[in-house]
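>>> pasting the sequence and the predicted coordinates here, then a few questions.
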Amino acid sequence: MNVQERLQAEVARHPFPLVFATISGAHLYGFPSPDSDFDLRGCHLLPVRDVVGLDPGRETVESSTTTDQIEVDLVTHDAKKFFAMLLKKNGYVLEQLYSPLVVHTTPAHEELKAVAGRCLTRHHSHHYFGFAETQWRLFEKENPRRVKPLLYVYRVLLTGLHLMKTGQVEANLVHLNEEARLPHVNDLIARKLAGPEKSTLNDSDLDFHRREYERLRAELEAAHQASTLPEEPSARTDLNDLLVRLRMGSVIPSEN
């Protein structure tokens, strides 16, 4: 069973209809190791009985399986929860929604992508500030220091910068660095792609990367201040309408 067949099989066994399922994680970010698992993320639709009855349905479905040495980590949220997350400054769900690595799509997925553009605000920068800080702290504490958390630092800061400047969601570090042109980022990606033998850094590299981290944080703060993105999302009414139509069955989440 090849990777695509494996991912399709994971989608087929999902207990609820899916609005979409895409690949996230290192494969989306452009630096999967040879042994990287596949992070499958998406949005499902609970049946009406599970949202109107006394017993709540499964708002979140999670599973982790390994078949033919291919590990798949799946997480999906019910449409109501996913839509509510879109209305917050949550970069994760936007990256999942707009991921070009599509495993399962529907007409509702396309409609949702069109609506979700009006969920973008200048305050999404806070998501990327927070994630970068967490990954930087992880990187600093490690011994030996790994390439992976450092790549995540660069990835989220450059994603945040691109979003503030263009209003577009881009999570692939290779693509982002075509604009940023940071040679050391290309070197880090090459190390990560090569596998475990090149996945750590010398302590002598720390000061350089700390300066780069602080410089990019300052750039993101300046981009936040200059951004023309709105202060608040304006898609709530349309998201509510789409959710109602999904629940009533007038938008069928069937595969394209």
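Cool, got the structure. Not measured: the values here are computed from a predicted model.

>>> tell me where the stretch 151-256 of the chain has helices.
173-180, 183-194, 206-226, 236-248 (DSSP state H, counting those that start in this stretch).

>>> any residues touching the first one, and which ones?
What that stands for is helix 173-180. Under the contact criterion Cβ atoms under 8 Å, 6 or more residues apart in numbering, helix 173-180 has outside partners 29-31, 151, 154-155, 158-159, 161-162, 170, 185-186, 189. To be clear about C-beta, it is placed using only N, CA and C from the backbone, and glycine gets the same treatment.

>>> give me the buried positions along the helix or strand Val75 falls within.
Using DSSP states H and E, Val75 maps to strand 70-78. In terms of neighbour count (16 or more other Cβ atoms under 10 Å), strand 70-78 has its buried residues at 70, 72-78.

>>> now swap in stretch 138-152 and tell me
Here stretch 138-152 shows 138-139, 145-152 as buried, counting by 16+ other Cβ under 10 Å.

>>> of those residues, which belong to strands?
Secondary structure defined by DSSP state E assigns 145-146 of those to strands.

>>> output stretch 128-143 as CSV, restricted to C-alpha atoms.
Output in CSV follows, covering the C-alpha atoms of stretch 128-143 (Å, rounded to 0.1, in the frame of the first residue of the first chain):
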residue,chain,number,x,y,z
TYR,A,128,2.8,33.1,15.5
PHE,A,129,4.5,35.1,18.2
GLY,A,130,3.4,32.6,20.8
PHE,A,131,4.3,29.5,18.8
ALA,A,132,7.7,30.9,17.9
GLU,A,133,8.5,31.7,21.5
THR,A,134,7.5,28.2,22.7
GLN,A,135,9.7,26.5,20.0
TRP,A,136,12.6,28.8,20.8
ARG,A,137,12.5,28.0,24.5
LEU,A,138,12.4,24.3,23.6
PHE,A,139,15.4,24.7,21.3
GLU,A,140,17.4,26.6,23.9
LYS,A,141,16.9,24.0,26.6
GLU,A,142,17.8,21.0,24.5
ASN,A,143,21.2,19.3,24.7
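
>>> which ones are touching the nearest residue to Ala235 once chain neighbours are set aside?
Of all residues not flanking Ala235 in the chain, Arg118 sits nearest, at 3.9 Å (Cβ to Cβ, 6 or more residues apart in numbering). Contact analysis of Arg118 by Cβ under 8 Å, 6+ apart lists 233-235, 238.

>>> just Gln8 next, same as before
Counting by Cβ under 8 Å, 6+ apart, Gln8 touches 103-104.

>>> lowest-pLDDT helix or strand in this protein?
The weakest-scoring helix or strand in the chain, judged by mean pLDDT, DSSP states H and E, is strand 200-201 (a mean of 88).

>>> sorry, back to before: which among the contacts of helix 173-180 end up buried?
Judged by 16+ other Cβ under 10 Å, buried ones among these: 29-31, 151, 154-155, 158-159, 161-162, 170, 185, 189.
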